[in-house]
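[1] Give me a 3D structure for the following:
(one chain, ligands or ions: 1)
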Amino acid sequence: MSDSVVLKCENLSKFFTDGQRKIQIFEGLDFQVKAGESVAIMGASGSGKSTLLHLLGGLDTANAGDINIQGQQLSKLSGRQRGLLRNQHLGFVYQFHHLLPEFSALENVMMPLLIGKTAKAAAKQQATEILQQVGLSDRLTHRPAQLSGGERQRAAIARAMVTSPACILADEPTGNLDEKTASSVMDLLINLKEQLNTSLVLVTHDQKVADKMQHQYLLQQGALIKLS
Ligand SMILES: Nc1ncnc2c1ncn2[C@@H]1O[C@H](COP(=O)(O)OP(=O)(O)OP(=O)(O)O)[C@@H](O)[C@H]1O
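    Predicted structure coming up:
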């Protein structure tokens, strides 16, 4: 495993305002993820886990502090540049698959490559290969509604991984699955991450899922505490 830092945040603070009231979610967070590392972020409901993941993915902006991804400081990028960085370096997996319903599994997985200007034939080949790796080679033309819950999450993982991103940001990726399916989807995610040396930052309530990660953090009362 290389020691290079893929994602780093320093002194990160976020609050929301509700009328006159300021709701501080967290303050002064420092956190970094090296190439190939896997990290679980745990914490009670409402502690700010999803908010942190949104900031790391450039989907929301911090009130203070810096986020650096692959050497690029998010606050210095335009919206377009942030979109490019997301497309090139990050992959996202959510609790609900967020596959586009009118497109097949293959088309959904090709999408990030096409957005990144990969030629259509090459995109089709790469998407087919990764769908084979996640065990969906006989589901290529199925639309999301024609897939099981576990299959949809496998397709969502394939879509997140197809660009070989530096880091995957996953928000409760197995939160909507039964225990057995969740376990096989997690094993698949970890397997692919190992093969591609992708870093993984995963938000979860589930201690069993967190135990599969190399490091664990707890978000509590606005602070991020390193547990392991
Ligand atoms: N856009 C917003 N405006 C105001 N408050 C918000 C906004 N987004 C989130 N919050 C508040 O910030 C807090 C943290 O929310 P967040 O979704 O990050 O928590 P979480 O730890 O991911 O919770 P859960 O485990 O239940 O998903 C919550 O109290 C939530 O109500």
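[2] in this protein, which segments are predicted with low confidence?
    1-2 (pLDDT under 70).
[3] Can you tell me which residues in it are near the ligand?
    With CB under 6 Å from any ligand atom as the criterion, the chain meets the ligand at residues Phe16, Ile23, Ile25, Gly43, Ser45, Gly46, Ser47, Gly48, Lys49, Ser50, Thr51. (Each C-beta comes from the backbone N, C-alpha and C, glycine too.)
[4] Which of those fall in helices?
    Lys49, Ser50, Thr51 (DSSP state H).
[5] So the first one is in contact with Leu219, correct?
    Yep, that's Lys49 we're talking about. Yes - look at Lys49 against Leu219 with CB atoms under 8 Å: they come within range, at 5.5 Å.
[6] Identify the contacts common to these two.
    Common contacts of Lys49 and Leu219 (CB atoms under 8 Å, 6 or more residues apart in numbering): Ile41, Met42, Gly43.
[7] Among those, which lie within strands?
    Mapping these onto strands (DSSP state E) picks out Ile41, Met42.
[8] in the longest helix anywhere in the chain, what's buried?
    Across the chain, the longest stretch assigned as helix under DSSP H is helix 179-196. By 16 or more other CB atoms under 10 Å, the buried positions in helix 179-196 come out as Thr181, Ala182, Val185, Met186, Leu188, Leu189, Leu192, Lys193, Leu196.
[9] Ok, stretch 158-178 next?
    158-163, 165-177.
[10] Strands along this structure, start to end?
    Secondary structure of the chain (DSSP E): strands at 5-18, 21-34, 38-42, 64-69, 72-73, 90-93, 167-171, 199-203, 215-220, 223-226.
[11] hmm, which of the residues of the chain next to the ligand are the buried ones?
    With neighbours counted by 16+ other CB under 10 Å, those contain buried members at Ile25, Gly43, Ser47, Gly48, Lys49, Ser50, Thr51.
[12] Tell me who's in contact with the second one.
    Contact partners of Gly43, counting by CB under 8 Å, 6+ apart, are Lys49, Leu218, Leu219, Gln220.
[13] related to what we said a few turns ago, most tightly packed of the strands of the chain?
    Of all the strands of the chain, strand 199-203 has the most neighbours on average by mean count of other CB atoms under 10 Å, namely a mean of 26.
[14] elements contacting it?
    Applying 3 or more CB pairs under 8 Å, 6 or more residues apart in numbering; DSSP states H and E, one finds that strand 199-203 makes contact with strand 5-18, strand 21-34, strand 38-42, helix 49-56, strand 167-171, helix 179-196.
[15] Name the residue closest to the centre of this protein, please.
    The residue lying closest to the centre of the chain (CA atoms, centre = their mean) is Leu169, at 1.8 Å.
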